[in-house]
Structures are given as structure tokens and as C-alpha cells.
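Enquirer: next one to model:
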Amino acid sequence: MVALYRDGHEPGHRSDGRTEAPLIWRTMLEIDRAAVALVGKLEVTGDVPAELRKGPLVMAANHIGVFDALVLMKACWSIGIAPRFMLAGGLLDTPVLGWALTQSGHLRVERGKATVIDSFATAVESIRSANVPLLVYPEGRISHDPGLWPERGKTGVARIALAANAPVIPISQWGAHEAAYWGTEVVTGWPDLKPVVTSFLRAVRRRPTFKVHFGAPVDLADLSAGTPGDAVRAHKRIMQTITDNLATLRPNEPTTPKFHDPTRPTDTKSPWR
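Expert: Okay, here's the model as predicted:
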């Protein structure tokens, strides 16, 4: 793949949806650009077709580390997109950051069973009426696969895309896992944060390369929200495409990552490899 973007060489021919984003989100994205540049080098391949940028659109990415959302933000910014994320309610409830993210237009998703239906309906309606893409993680968490290949994931993203009649752009990424260790699910004090902080400082010195590929839209034309089994079929196509494109980003790491993170769980197996 030929990189369409490398740090310091941003193309100027993209249709630019960044200026329409709320000011607070544009400000956060500018800060993010500097933060990612501090840690490593970004290479972006692929693109989002101009005709898909102004209508309903879902962007589905693999999840490989605590830093990868920041990399995805900069990658999208580099091609003229300021996406919204579907974020856990707990993050949106945090002081200051939660307020800023809410004001930026990001969508809340709750894990509680009673609110899942409401979150789904909100996401579908938001995508239908949106003029910016929604970026989501179909896996729902950082992969526990030993090779860091995509986990099975859930059909929620596929269901949302079918219900909203929205195209799906698969995003594959590699390298962001080298920016910081996975750490721990629950932070109770400095001992829990220390591995993440020290690994981040080492990454600043090593400057890993972050690779992000925007794939061609996943073909879901023969599937519909009302047909039993179609959400599962759509999910399989999305995840398999993400995985296939990921393989091209890591040709020298076909099985396990060269970068070893001793804190990341490895208790699941990817069904897509």
C-alpha cells in the first residue's frame, strides 16, 4: 500500500468536513495531532470516498491498545474527517473530559441491559440524520487474542449500520499498541498506572510507526435489518475485511506482535484468522 499521508505531508485535495465540527472538538483534535506526533510516526493508506462523507456512514475499527483512539482521531483528521465516537457512559460522565466529549457530539452507549435498546435507537437515528461519520469498535474492547488479531466482537455495529442503511468503512490499524501497555481494567493507585506511564515514556523515545488503513466500503447491499441472520452475516463481512486489511499492515508479524506487552490478557482466540 502506498501511504497517502505521512506526518508532515498532509494532502490538500480532500473534501474537508473538519471545519463543520464543533469548536471544542476541533480544538481537541488539534491537541491530539500534537500528542500523537510526540509519540510516534503516522502513516495512512486508503481513503473515504467523497460521496460517502456527507451522509450516514459507519467507520468500524479494530481495537489494539489504550492509545489507538488517539491515532484514529489523527488519521481521520489527516483525510479531512472529524468523526464522532460511540463511547461508554462512564467516560462521558467524567469531570471536564466527559463534558467536552458530550459537547463534541459523541454518542453514549451503556452496558446495562435496560439501556441497550435506547442506545441502539439513538445511534440509528443519529447516523440517519448525521453529516459526519460515526466511528465504532465492533470488538467492544482491546483484543485479548495472543496475536492481537480482532476478536469475535458483537453484531451491534452491523445492526446499527443495517437499520440506518449506512455504508460501512472498515479501518485496520497497527502500531498503536506500542505506545502504552494495556495496564489493568481497574485503577486503584500508582502501581496500576506505573506500567502504562513508563511504557509510554519509552515509546516517546522509540517513536513507533502507527499505520492506519481505510478500506473500501464493505458490500452489504444484499442484506437488510429485517432479515433474520443478516446482522450476523454483515458482522462477519465487516470483521473479516478488517482482519484481511490488517494482515497487509503487519507482514513481518503474521502471528504474534514483536512488541511484548506483559500486562495484556491473551485468553481469547480470533475466529477471523
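
Enquirer: what's the longest helix in the protein?
Expert: helix 230-249 (DSSP state H).

Enquirer: low-confidence ranges, the stretch 101-250 of the chain, go.
Expert: Low-confidence segments of the stretch 101-250 of the chain (pLDDT under 70): 110-119.

Enquirer: which stretches of it form helices?
Expert: With helices called from DSSP state H, counting those that start in this stretch, the stretch 101-250 of the chain shows them at 113-129, 156-164, 190-206, 230-249.

Enquirer: how about the longest one: buried residues?
Expert: Put plainly, it is helix 230-249. Buried residues in helix 230-249, defined by neighbour count with 16 or more other Cβ atoms under 10 Å: 230-231, 233-243, 245-246, 249. Quick note: C-beta positions are derived from backbone N, CA and C, even for glycine.

Enquirer: among those, which pair sits farthest apart?
Expert: Taking Cβ to Cβ, the two most distant members of the buried residues of helix 230-249 are 230 and 249; they sit 29.0 Å apart.

Enquirer: and the end-to-end length of stretch 226-234?
Expert: End-to-end span of stretch 226-234 (Cα to Cα, to the nearest Å): 13 Å.

Enquirer: can you list the neighbours in contact with it?
Expert: 155, 158, 159, 161, 162, 168, 218, 220, 223, 224, 225 (Cβ atoms under 8 Å, 6 or more residues apart in numbering).

Enquirer: what's around the nearest residue to the fifth one once chain neighbours are set aside, how many residues?
Expert: In this case it means residue 162. Nearest non-adjacent residue to residue 162, counting by Cβ to Cβ, 6 or more residues apart in numbering: residue 225, 4.1 Å away. Residue 225 has 16 neighbours, counted by other Cβ atoms under 10 Å.

Enquirer: hmm, residue 160 and residue 225 touching each other?
Expert: No. If you go by Cβ atoms under 8 Å, residue 225 and residue 160 don't touch, sitting 9.2 Å apart.

Enquirer: distance of the residue nearest to residue 157 when sequence neighbours are not counted relative to residue 243?
Expert: Distances taken as Cβ to Cβ, 6+ apart put residue 138 closest to residue 157, at 4.4 Å, once the chain neighbours are dropped. Residue 138 sits 11 Å away from residue 243, going by Cβ to Cβ, to the nearest Å.

Enquirer: how many neighbours does the nearest residue to residue 249 once chain neighbours are set aside have?
Expert: Closest residue to residue 249 apart from its sequence neighbours, by Cβ to Cβ, 6+ apart: residue 174 at 4.2 Å. Applying other Cβ under 10 Å, we find 26 residues neighbouring residue 174.

Enquirer: show the contacting residues for residue 174.
Expert: Neighbouring residues of residue 174 by Cβ under 8 Å, 6+ apart: 64, 210, 211, 246, 249, 250.
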